[in-house]
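Novice: got a sequence here, can you build the structure:
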Amino acid sequence: MPENYFSDIKLLDHIFTNLISNAIKYSNINSEIKIIGKTMDDCIAIRIIDYGIGIPQKDLQNVGKKFYRATNSLSVAGTGIGIYLTKHFIDLLSGKLIIDSKENFGTNVTIILKK
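Specialist: Model prediction:
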């Protein structure tokens, strides 16, 4: 049975546009990107998986800070403001952003939003 989720469409648009765009930007051409959704009793979870350059372990704690960029991403165009705003918008929706990554293997980004 399909479920509905009601929220701020503009915030959701920015969140998913940024995260999917980052997955593409930091992956090789023709690399696979997966988007998986799961509905639970009290929340929904959406995971975006890429097999790109990944984020070094030492940089993970700083991802989402204003203008911060991982040390291995400096050759790719960007400012670091996109993920900062994305994290802020998820916070506004009382959600949670979880980033799991391994350098040279890819990144899993999970967004958990309360129903």
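Novice: CA atoms for contacts and neighbours, from now on please.
Specialist: OK.
Novice: who does the residue lying closest to Q57 once chain neighbours are set aside bridge with?
Specialist: The shortest distance from Q57 to any non-neighbouring residue, by CA to CA, 6 or more residues apart in numbering, is to K102 (6.8 Å). Beta-bridge partners for K102, by DSSP bridges, are G106.
Novice: let me see the contact set for K102.
Specialist: G54, I55, P56, Q57 (CA atoms under 8 Å, 6 or more residues apart in numbering).
Novice: mind giving me CSV with those residues and columns for distance to H14 and pLDDT?
Specialist: Shown next, in CSV, are the contacts of K102 (distance: CA to CA, whole Å; pLDDT from 0 to 100):
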residue, distance to H14, pLDDT
G54, 22, 94
I55, 22, 95
P56, 25, 95
Q57, 26, 95
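Novice: quick check: I44 touching K38?
Specialist: Yes - at 5.7 Å, I44 and K38 qualify as touching, with contact defined as CA atoms under 8 Å.
Novice: so which of the two has more stuff around it?
Specialist: The neighbour comparison of I44 against K38 (other CA atoms under 10 Å) goes to I44, with 16 against 10.
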